[in-house]
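need coordinates for the below:
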Amino acid sequence: MNSQPQPSPSRIAAVNRRRFLSAAATLPLTLSVVAPRILGRGAEPPPSETLNIAGIGMGGMGTGDIRSVASHNVVALCDVDQHALERNAKQFPKAQLHRDFRRMLEAQKDIDAVMIATPDHQHAVASVLAMKLGKHVHCQKPLTHSVYEARLMAQVARETKVATQMGNQGQAGEAPRLICETIWSGVIGTVREVHGGSNRYPPISPRGIRRPQERPPVPPQLNWDLWLGPAPERPYHPCYHPFAWRGWWDFGTGVLGDIGCHQFSAVFKALKLGHPAWVEASSSNHQCPPEIADETAPLSSITRWHFPAEGDRAPVQLTWWDGGLKPERPPELDANASFAEGDWLMIVGDKGKMYGHRVIPVACARELGDPPRVLTRSPGHYEEWLQACKGGPPAGSNFIDHAAHLAEVVLLGNIAIRSKIRLLWDGPKLRFTNSEEANALIHPPYRAGWSVSS
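The predicted structure follows:
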């Protein structure tokens, strides 16, 4: 995992910023990340390496994302809620303000890169448009709203050669690298089972409920039509905005979509998981009428994917648990330790187990120590993307190599939750072989005036 040689500072300074960024997109891809200190960079990038960045979706995560790149030029902010715009405009007074990202991307020509933190149903529309216009893209997880969109995002990123990164920030940390290196060291043997889940309380968004019948007025600061974007028409209600949209199928992807791309990222890299052969789920929605099951994600669910053997990897069963459901407690875990609370991960090998990024029991982990270090450490999630935008190696959760496939498989689980049978998946053909009802959920239609295509 060697770093690529970097252009000298004098060479970079001789090239104007726009030509440099365009040329950067054509550099070969590698798997390593170069830290700024290695290149002699300080906290503030020199003018020749300063990016012009726009934020799309300026709520909670959008605010955090854009402030993480404040050392660069934040030239545009876009949100359908005027209050969110105004809050962030105080931090970035020179940024132009927009309500419609389509008009912003077409009209404001100085944008080099965008950070997208809208509700899930707008991710692909904004990202694909930005990539096609040559903008580098950082998009929040779970990357897309539908399985089709995830496949498309990888395709467009490959064609446009822009730098990309999904917002599963934990992927840049030490724990995911220890998970990979421990599995590869062989100390837990052949991995055949992975369990992960999220049992957060209180829930991030209401679930297991009907669509409200009340029709309160749209707040004056909110453009509800733009908020809906490609989603089907429905009246405004505060149970959707602000921030309560995640549990609604038309806008979000439930607990699995929200957290699955965090919890499973490292094992997808460690085990090189491809297409599952099948996916199935059980959930609290299975006992609910369509007016609940077709509207919101369930209060609790168990989802399983089966990955057949591939190369030198054994078959793997991946299982997701949420809403208080959890697998049998491993006897190797210390009696006083909590289990499957919050966001969690357990990896089962035929010689041992890991809980989180450590082998269990604790005494065994202490005896083994850290595994041999074989992976390059990250300079930080956002710095990975910024380096990639400037011609460095691809970010750790770039759309092509990791993020889009991870999101695609996670979102297959949501289709299984909405079905009641084991779904047989033909990955290369992007279809289920045994359910046309499930196939209809792979690429739901968009509202008139909105589209995303290759």
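
domain-wise, how is this protein divided?
9-171+379-397, 173-214+228-375+405-439 (automatic domain parsing).

any chance of those domains in CSV with distance to V452, mean neighbour count and mean pLDDT as columns?
Bear in mind the C-beta positions are built from the backbone N, C-alpha and C, glycine included. Shown next, in CSV, are the domains of the chain (distance: least, CB to CB, whole Å; neighbours: other CB atoms under 10 Å; pLDDT from 0 to 100):
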stretch, distance to V452, mean neighbour count, mean pLDDT
domain 9-171+379-397, 5, 20, 84
domain 173-214+228-375+405-439, 8, 18, 96
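
Three-state assignment for P230, please.
Assigned by DSSP: H, G, I helix; E, B strand; the rest coil, the conformation of P230 is coil.

pull the contacting residues for it.
Counting by CB atoms under 8 Å, 6 or more residues apart in numbering, P230 touches H121, Q122, V125, Y446, R447, W450, S451, V452.

nearest to I302 among those?
Nearest to I302 out of the contacts of P230 is H121 (CB to CB; 25.2 Å).

residues touching that closest one, list them.
Residues in contact with H121 (CB under 8 Å, 6+ apart) are H145, G229, P230, A231, D250, F251, G252.

go through the domains of the chain and name the closest to Q221.
Comparing the domains of the chain by CB to CB, domain 9-171+379-397 comes nearest, at 4.0 Å.

relative to the whole chain's centre, how far out is that closest one?
In this view, domain 9-171+379-397 has its centroid 14 Å away from the chain centroid, taken as CA atoms, centre = their mean, to the nearest Å.

distance check, the residue lying closest to R215 once chain neighbours are set aside against L375.
Spatial nearest neighbour of R215, excluding adjacent residues (CB to CB, 6 or more residues apart in numbering): P235 at 4.7 Å. Remark: distance between P235 and L375 (CB to CB, to the nearest Å) = 50 Å.

and what of I111?
As judged by CB to CB, I111 and L375 stand 33 Å apart.

ok, G349 next?
In terms of CB to CB, G349 sits 19 Å off from L375.

now swap in Q96 and tell me
Taking CB to CB, one finds Q96 at 40 Å from L375.

now N336
Distance, N336 to L375, by CB to CB: 32 Å.

now Q165. Its backbone dihedrals?
phi -160, psi 130 (degrees, to the nearest 10).

if I pick it, what's in contact with it?
137-139, 381-382, 384-385, 388, 395-398, 403.

now with 7 Å?
Counting by CB atoms under 7 Å, 6 or more residues apart in numbering, Q165 makes contact with H138, E384, W385, A395, S397, N398.

is it bridged to anything, and to what?
Q165 has these beta-bridge partners by DSSP bridges: H138.

element containing C364, please.
Element membership for C364 (DSSP states H and E) is helix 362-368.

list the helices and strands that helix packs on?
strand 358-360 (3 or more CB pairs under 7 Å, 6 or more residues apart in numbering; DSSP states H and E).

the strand it packs on pairs with which strands, and in what direction?
Strand 358-360 is paired, per DSSP bridges, with strand 353-355 (antiparallel).

not counting the strand it pairs with itself, show me its contacts.
By CB under 7 Å, 6+ apart, strand 353-355 touches I179, T182, I188, P330, E332, L333, M346, I347, I360.

and for stretch 425-438?
148, 151, 275-279, 412, 415, 419, 421, 423-424, 439, 442.

swap the cut-off to 8 Å and go again
Contacts for stretch 425-438 (CB under 8 Å, 6+ apart): 147-148, 151, 274-279, 412, 415-416, 418-419, 421, 423-424, 439, 442.

inside strands: which ones of those?
W278, V279, L423, L424 (DSSP state E).

possible to save these as a markdown table with distance to A130?
Listed next are the ones in strands among the contacts of stretch 425-438 as a markdown table, based on distance: CB to CB, whole Å:
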| residue | distance to A130 |
| --- | --- |
| W278 | 35 |
| V279 | 30 |
| L423 | 32 |
| L424 | 35 |
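
from those, pick the one nearest C288.
Proximity of these to C288 (CB to CB) peaks at L423, which lies at 19.6 Å.

torsion angles phi and psi at the closest residue to that closest one other than its chain neighbours?
Distances taken as CB to CB, 6+ apart put F432 closest to L423, at 4.9 Å, once the chain neighbours are dropped. When quoted as degrees, to the nearest 10, the phi and psi of F432 stand at phi -90, psi 140.

please apply the same query to L51.
Taking degrees, to the nearest 10 as the convention, L51 sits at phi -90, psi 150.

tell me how far it lies from A266.
Taking CB to CB as the measure, L51 falls 28 Å from A266.

which residues in the stretch 301-450 of the chain form strands?
301-307, 316-322, 342-349, 353-355, 358-360, 423-426, 431-432 (DSSP state E, counting those that start in this stretch).

let's have those strands in JSON lines, adding distance to P242.
Shown next, in JSON lines, are the strands of the stretch 301-450 of the chain (distance: least, CB to CB, whole Å):
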{"stretch": "strand 301-307", "distance to P242": "25"}
{"stretch": "strand 316-322", "distance to P242": "23"}
{"stretch": "strand 342-349", "distance to P242": "23"}
{"stretch": "strand 353-355", "distance to P242": "35"}
{"stretch": "strand 358-360", "distance to P242": "37"}
{"stretch": "strand 423-426", "distance to P242": "34"}
{"stretch": "strand 431-432", "distance to P242": "35"}
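
quick check: which of those is nearest to R103?
Comparison of the strands of the stretch 301-450 of the chain against R103 by CB to CB identifies strand 431-432 as nearest, at 35.4 Å.

ok, which stretches of the stretch 151-300 of the chain are helices?
For the stretch 151-300 of the chain, applying DSSP state H, counting those that start in this stretch gives helices covering 174-185, 224-228, 254-263, 265-271, 290-293.

with just CA atoms, put the longest one into PDB.
Pointing back at helix 174-185 there. Output of helix 174-185 as PDB, limited to C-alpha atoms (Å, rounded to 0.1, in the frame of the first residue of the first chain):
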ATOM      1  CA  GLU A 174      -8.300   2.800  13.900                       C
ATOM      2  CA  ALA A 175     -11.000   0.200  14.700                       C
ATOM      3  CA  PRO A 176     -11.900  -0.800  11.200                       C
ATOM      4  CA  ARG A 177      -8.300  -1.300  10.400                       C
ATOM      5  CA  LEU A 178      -7.800  -3.500  13.400                       C
ATOM      6  CA  ILE A 179     -10.900  -5.500  12.400                       C
ATOM      7  CA  CYS A 180      -9.400  -6.200   8.900                       C
ATOM      8  CA  GLU A 181      -5.900  -6.900  10.200                       C
ATOM      9  CA  THR A 182      -7.200  -9.200  13.000                       C
ATOM     10  CA  ILE A 183      -9.200 -11.200  10.500                       C
ATOM     11  CA  TRP A 184      -6.300 -11.400   8.000                       C
ATOM     12  CA  SER A 185      -3.900 -12.500  10.700                       C
END
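
list of residues touching it?
Applying CB under 8 Å, 6+ apart, the external contacts of helix 174-185 come out as 170, 188, 191, 265-267, 269-271, 345, 347, 349, 354, 356-359, 370-375, 377.
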